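>>> Turn this into a structure:
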Amino acid sequence: MENPLYAKIFKWVSWALLIISVGLAVWAFTQFGGSAEDSAVNTLLVWAYVMLGIALVAVLCIGLYVAATTDPKSLVRIGVGLGGAVVLCLIAYFLASGAPAIGFTGATPPTATELKLTDTVLNLTYILGGAAVVAIIVGEVISALRTKKA
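This next block holds a predicted model:
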């Protein structure tokens, strides 16, 4: 059964975030000129990061609360999944070369840490993309085999 207090809090927080987002978007689109344009983009990027952080915290906290109250054994599965994600990120990190950017024409070259992080994210994207393709193919094969038997 849904708690009416939580529903009201969720509704008001959602409205507040929506109003702030619309206000920032309108402000950003009304800015014209050199530095104001850069600050508008930076403001919108920071707000996107804030919204992403709020979403992640909300999903994790609510998910853990629901899992702990309904099925405490599911916390072990969540821990295994989180551990797998950490191991996957570490694999991508250790595969990252961090080699200097070839053909870079900017004013300040990226640092070794930035290069390593960029390579890590690219490796993680490749690994997860490949895993998604394999999962789609395996899922279709299993689905075809199940329907063939029936």
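
>>> got any ranges where this structure has weak pLDDT?
For the chain, the stretches flagged by pLDDT under 70 are 1-3, 32-38, 150.

>>> Please name every helix or strand in contact with the helix or strand that contains Thr120.
Assessed by DSSP states H and E, Thr120 sits inside helix 112-149. Judged by 3 or more C-beta pairs under 8 Å, 6 or more residues apart in numbering; DSSP states H and E, helix 112-149 is in contact with helix 74-95. Placement of C-beta: from N, CA and C, glycine included.

>>> If I take the helix it packs on and helix 112-149, what angle do their directions form?
If you take axes from the mean of the first three to the mean of the last three C-alpha atoms, to 10 degrees, helix 74-95 sits at 130 degrees to helix 112-149.

>>> Run through who's touching helix 74-95.
Contact with helix 74-95 is made by Gly63, Leu64, Ala67, Ala68, Lys116, Thr120, Val121, Asn123, Leu124, Ile127, Leu128, as judged by C-beta atoms under 8 Å, 6 or more residues apart in numbering.

>>> Can you spell out the domain ranges of the chain, please?
In the domain annotation for the chain, the residue ranges read 1-70, 74-150 (automatic domain parsing).

>>> Could you provide the contacts of helix 74-95 in CSV, with additional columns for distance to Thr147?
Below are the contacts of helix 74-95 laid out as CSV (distance: C-beta to C-beta, whole Å):
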residue, distance to Thr147
Gly63, 33
Leu64, 38
Ala67, 33
Ala68, 39
Lys116, 46
Thr120, 40
Val121, 39
Asn123, 36
Leu124, 34
Ile127, 30
Leu128, 28
